[in-house]
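Participant: Predicted model and sequence below, questions to follow.
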Amino acid sequence: MTALEASGAASGPVVGAKASAAGPRPVEPVTDHKRRDNLRKRAEIALFVGPALILFLTFVVYPVISAARYSLYQWNGISRFSDAKFIGLDNYARALFGGTDPATNQAFSTAYSDPFWEALGHNFAIIGLSMAVQLPLALLIALTLNRKFPGRASVRVIMFAPYVLSEVISGVMWLIIFDPNGIATSLMQSIGLDSPAGGWLEDQTWGFWTVFFIITWKYIGLAIILFLAGLSGVPEDLQEAAAIDGASWWQVQWRINIPLIGPTVRIWAFLSLIGSVQLFDMVWVLNKGGTTGQYSTIATYMMQIGFFRSDWGYGSAVAVIMFFISFIIALAYMGIVLRRDNTEHVRKAR
Amino acid sequence: MRPTKQRRYDKSVYLSIGFALVGVALTLGPILYLVLGGFKSQQGLAENPTGFPNPFMWENYGNILSQQLFWRQLLNSLVVAIATTAGVVLFGTMAAYPLARYRFRGREFFFVVFTTGLMFPLTVAVLPLYLLLRDMGISGLWGLIIPQIAFGLPVTIIILRPFLKALPIELEEAAFMDGVSRIGFFWRMLLPLARPAMVTVGVLAFIGSWNAYLLPLLLLTGDQTGMTLPLGVTAFQGQHSSATTMIMAYTSLAMIPALVFFLFMERRIVDGLTGAVKG
């Protein structure tokens, strides 16, 4: 869902701009009474847009604004909000730099900032690894599947399937596989290697890598499908002409295909960035970010403290921080990458 | 020139096929292991983890299918997904229609308001949303359906508006000439014409709802018969933590509806995702 939401974010303004430039000029029904019609038109607009707008404002916009408001209070979510204590930016300070622990009243404590930064570090490690591992791997698979060979269509469908499976089902499946006494351990033993001593997920260093492996398995299908869609847009005569001129398969990929699907790759990179910042479902299913938070993410940390330890003000502050990180990434993406892609279009058009 | 080209590519195509087969094995292997594990006894899994189940044991699957719990959760998931999809498509199309084809002041403003929704993921809003639903007294499956519709609307409107805009203006001219009102035009002409785009957004909304975990996790606590399938799987896993093969069977069964839906709708899903990204 996150990827999907973000995908709209990536295309939204572009689509809007394109459509409003090319769209037809609206016409009016044939009528005699200008005034009554105007009223009628307004009523129709209200009737059509109203339900969606009310739902959207009530269940999306209002909660987000509430999160920003709660983040300034110390509140357990159970007592009435009017009794909550206003503490300004203390919640943010607690997360970012450490501060007074409300549970123990310890004057300065990093009990909150340490796990916060650890979780955030995992998010950014996943971002970096997605670009360093998932991107080349998905590109290689997409280029392979772009060639014609028997059974290609079925291979595409199969490799995309994990993306459609729910996080819970794939998560529980991998929990069973990576059980300390599970099949992953016996496979490692059968080829004479040691599995992590503490267990695949419980181990302090292996845990994160295991989770990254699972995430890659789950989400690489989207990258492959997007890249394939981009590749299908590369004119075949270009590749054929290069092949006739004696270019090898690799040269064709490097010089023609990969540069031409640049925009698709950049959009995937954006989706992956946003998805990595908001990663929750899969990590939560995999033992809630780990027994000691060895692969927690900022979203699982937020849920753990906000919901399950009833520190709603603090949880909301973490949520707002998460929002700002996604927001900055989105702005940077629009500013740097999209502008570049658009000016390239302009240059080509000339 | 074609034959030469064919020959050039033929040799290394085996490498590609080999590579693709490795990918397929890595994708399907875990799923196959899960499904086969459901046919094993606990002891059989320990003795023979990778092999084919021997003897083939139907009891795990049989037990689950003969009890109400699985079917209830399947039904809950279906109800929520269908209601969400219907709501998203209906309200989304209704809102996209004036935003695409009426001329009025503030049209672009309303559109921008909806697009900002993409900035607000459910993860950010979920804690206050939970409180809001609690205060409004919305619980159970409605507590999932209503917010899911609200969160699905921005994408839907963004995909539908350009599609509705692209329909030729002559349609409306002809219809209005014949004395059809705007609402009549919406019902009788626009809805049938917009069906391909509506199916696309509908499929995306359905999958999103079917796989949803975060909101059910907060809202559907307590009674297992009131849970949707993803939450049901984790609850089952928590209860039967020692009976691995039972969990495997339950998870495999929960996987089937999504896979069947995927196989039938593969084209639509792929088109929807790539279309939403490429614009």
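Facilitator: On my side now, so go ahead. Residues are numbered from 1 along each chain as shown, chains lettered A, B, ... in the order given.
Participant: And the residue nearest the centre of the chain?
Facilitator: All of this refers to chain A. For chain A, A:Gly275 is the residue whose C-alpha lies nearest the centre (CA atoms, centre = their mean; 1.1 Å).
Participant: think we crossed wires, I meant chain B
Facilitator: Centroid check for chain B by CA atoms, centre = their mean gives B:Ile207 as the closest residue, at 0.2 Å.
Participant: Correct me if wrong: the residue nearest to the centre of chain A contacts A:Tyr219.
Facilitator: Yes: the criterion here is CB atoms under 8 Å, and A:Gly275 meets it with A:Tyr219 at 7.2 Å. C-betas here are computed from N, CA, C, even on glycine.
Participant: got a list of what the nearest residue to B:Arg182 once chain neighbours are set aside touches?
Facilitator: Spatial nearest neighbour of B:Arg182, excluding adjacent residues (CB to CB, 6 or more residues apart in numbering or on different chains): A:Glu44 at 5.6 Å. Contacts for A:Glu44 (CB atoms under 8 Å, 6 or more residues apart in numbering or on different chains) come out as B:98, B:102, B:182-183.
Participant: now A:Val265
Facilitator: With CB under 8 Å, 6+ apart, A:Val265 has these contacts: A:135, A:139, A:227, A:230.
Participant: Let's see the pLDDT reported for A:Pro29.
Facilitator: Turning to A:Pro29, the model gives it a pLDDT of 60.
Participant: Name the nearest residue to A:Ile215, ignoring sequence neighbours.
Facilitator: That would be A:Met282: by CB to CB, 6+ apart, it lies 6.2 Å from A:Ile215.
Participant: Likewise for A:Gly99?
Facilitator: Per CB to CB, 6+ apart, closest to A:Gly99 is A:Ala93, 4.6 Å.
Participant: do the same with A:Asp101
Facilitator: A:Ser109 (4.2 Å).
Participant: which stretches of the stretch 51-200 of chain B form strands?
Facilitator: Taking DSSP state E, counting those that start in this stretch, the stretch 51-200 of chain B contains no strands at all.
Participant: low-scoring stretches of it, by residue?
Facilitator: Within the stretch 51-200 of chain B, no stretch has pLDDT under 70.
Participant: what's near enough to touch B:Tyr33?
Facilitator: A:177, A:183, B:50.
Participant: which SSE is it in?
Facilitator: Under the criterion of DSSP states H and E, B:Tyr33 resides in helix B:2-37.
Participant: mind saving the C-alpha coords of the helix or strand just after that helix as PDB?
Facilitator: Next along the chain after helix B:2-37, taking DSSP H and E as the criterion, comes helix B:42-47. Output of helix B:42-47 as PDB, limited to C-alpha atoms (Å, rounded to 0.1, in the frame of the first residue of the first chain):
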ATOM      1  CA  GLN B  42       5.300 -32.300  13.200                       C
ATOM      2  CA  GLN B  43       7.700 -35.200  13.400                       C
ATOM      3  CA  GLY B  44       7.800 -35.600   9.700                       C
ATOM      4  CA  LEU B  45       8.900 -32.000   9.300                       C
ATOM      5  CA  ALA B  46      11.700 -32.500  11.800                       C
ATOM      6  CA  GLU B  47      13.000 -35.700  10.200                       C
END
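Participant: Other residues contacting helix B:42-47?
Facilitator: With CB under 8 Å, 6+ apart, helix B:42-47 has contacts from A:181, B:37, B:53-55, B:57, B:242-245.
Participant: Among those, name the ones in helices.
Facilitator: Per DSSP state H, helices hold the following members of the contacts of helix B:42-47: B:37, B:244-245.
Participant: Which one (most neighbours) among those?
Facilitator: Using other CB atoms under 10 Å in any protein chain shown as the neighbour test, these are led by B:Gly37, with 26 neighbours.
Participant: Surely it is in contact with B:Thr245?
Facilitator: Yes: under the criterion of CB under 8 Å, B:Gly37 makes contact with B:Thr245 at 5.6 Å.
Participant: What count of nearby residues applies to the residue nearest to A:Asp101?
Facilitator: Count around A:Ser109 with other CB under 10 Å applied: 17.
Participant: Identify the residues contacting the nearest residue to B:Val126 once chain neighbours are set aside.
Facilitator: Leaving aside its chain neighbours, B:Val126 sits nearest to B:Leu214 (5.9 Å; criterion: CB to CB, 6+ apart). By CB under 8 Å, 6+ apart, the contact set of B:Leu214 is A:280-281, A:284, B:122-123, B:126.
Participant: Just name the closest of those to B:Ile158, please.
Facilitator: For the contacts of B:Leu214, the closest approach to B:Ile158 (CB to CB) belongs to B:Leu122, at 17.0 Å.
Participant: what's around that closest one, how many residues?
Facilitator: B:Leu122 has 22 neighbours, counted by other CB under 10 Å.
Participant: returning to that earlier point: B:Pro257: which of the contacts of B:Tyr33 is nearest?
Facilitator: Among those, and counting by CB to CB, the member closest to B:Pro257 is A:Ile177, at 22.1 Å.
Participant: where's A:Gln304 relative to chain B, distance?
Facilitator: Taking CB to the nearest CB, to the nearest Å as the measure, A:Gln304 and chain B are separated by 12 Å.
Participant: which residue sits closest to that residue in space, ignoring its chain neighbours?
Facilitator: Counting by CB to CB, 6+ apart, the residue nearest A:Gln304 is A:Lys288, at 6.7 Å.
Participant: One more: A:Val155?
Facilitator: B:Ala20 is the one closest to A:Val155 (CB to CB, 6+ apart), at 4.7 Å.
Participant: hang on, the one you found packs against A:Leu143?
Facilitator: No: in this structure, B:Ala20 is not within contact of A:Leu143 by CB under 8 Å, at 11.2 Å.
Participant: hey, which helix is longest across chain A?
Facilitator: Using DSSP H to define each element, chain A has its longest helix at helix A:206-232.
Participant: Any part of the helix or strand just after it near chain B?
Facilitator: Sequence-wise, the next helix or strand downstream of helix A:206-232 (DSSP H and E) is helix A:236-244. Yes: between helix A:236-244 and chain B, judged by CB under 8 Å from any CB of the partner chain, the touching residues are A:240, A:243-244.
Participant: Need the phi and psi values for A:Gly99.
Facilitator: Backbone torsions of A:Gly99, given as degrees, to the nearest 10, read phi 180, psi -160.
Participant: what's the neighbour count on it?
Facilitator: With other CB under 10 Å as criterion, A:Gly99 counts 22.
Participant: ok, and which of the ones in helices among the contacts of helix B:42-47 reach chain A?
Facilitator: Here is what survives when those are matched to chain A using CB under 8 Å from any CB: B:37, B:244.
Participant: Wait, A:Met159 touches A:Ala223, no?
Facilitator: No: counting by CB under 8 Å, A:Ala223 is not a contact partner of A:Met159; they are 10.3 Å apart.
Participant: Can you tell me which of the contacts of B:Tyr33 are classed as buried?
Facilitator: Neighbour-count burial (16 or more other CB atoms under 10 Å in any protein chain shown) is assigned, among the contacts of B:Tyr33, to A:177, A:183.
Participant: which one of the contacts of B:Tyr33 sits closest to B:Met136?
Facilitator: Of the contacts of B:Tyr33, the one sitting nearest to B:Met136 (CB to CB) turns out to be A:Ile177, at 41.6 Å.
Participant: can I assume that closest one is in contact with B:Pro30?
Facilitator: Yes: here A:Ile177 reaches B:Pro30: they are 5.9 Å apart, a contact under CB under 8 Å.
Participant: can you put the ones in helices among the contacts of helix B:42-47 in JSON lines and add pLDDT?
Facilitator: Shown next, in JSON lines, are the ones in helices among the contacts of helix B:42-47 (pLDDT from 0 to 100):
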{"residue": "B:Gly37", "pLDDT": "87"}
{"residue": "B:Thr244", "pLDDT": "87"}
{"residue": "B:Thr245", "pLDDT": "87"}
